[in-house]
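In: how would this look folded up:
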Amino acid sequence: MSINTTVNISGMDCSHCVASVTEELQKLNGVKEVAVELNKDGLSVATITSASDLEPEQINEAITEAGYVLVSSGT
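Out: I've put the predicted structure just below:
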C-alpha cells in the first residue's frame, strides 16, 4: 500500500531547488518516491509517495533543511 501526500512549497525557482527538496524528502523513513512540480512564480508542489503516513513535522523539517518554506500539506 502506498500513501500520497501533497505539499505546497514557497521559495523554489530553479532545478537546483527541486533537487534539494527531493533529496531531503527522500531521506524520510518510508518514502518511495518524490515528484516536484516547479512553479517559479508561485507555490511549487511536491507529491510524496510513502509506505505509511508521514508526520507533518518530518516533512516541514526536511523542506526547511533544504532551505524552503512549507506552506500547506494534505493527503
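In: Next, the contact list for the residue most central in space within the chain, please.
Out: For the chain, A46 is the residue whose C-alpha lies nearest the centre (C-alpha atoms, centre = their mean; 4.5 Å). Applying C-beta atoms under 8 Å, 6 or more residues apart in numbering, one finds that A46 lies in contact with 6-7, 9, 21-22, 25, 34-37, 63. Using the backbone N, CA and C atoms, a C-beta is placed for each residue, glycine as well.
In: which intervals of the chain have sub-threshold pLDDT?
Out: Within the chain, the set of residues satisfying pLDDT under 70 comprises 74-75.
In: just the helices in it please.
Out: Assigned by DSSP state H, the helices in the chain fall at 15-26, 56-66.
In: Now restrict the contacts of A46 to buried residues only.
Out: Restricting the contacts of A46 to buried positions leaves 7, 9, 21-22, 25, 34, 36, 63, with burial counted as 16 or more other C-beta atoms under 10 Å.
In: ok, those vs L70, which is closest?
Out: Checking the buried ones among the contacts of A46 against L70 with C-beta to C-beta, the nearest one is I63 at 4.6 Å.
In: quick one: contacts for that closest one?
Out: So I63 contacts 7, 9, 21, 24-25, 46, 69-70 (C-beta under 8 Å, 6+ apart).
In: Reformat those as CSV; add distance to E57.
Out: Converted to CSV, the contacts of I63 look like this (distance: C-beta to C-beta, whole Å):
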residue, distance to E57
V7, 13
I9, 16
V21, 16
E24, 14
L25, 13
A46, 16
V69, 14
L70, 10
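In: Kind regards, and thank you for your time.
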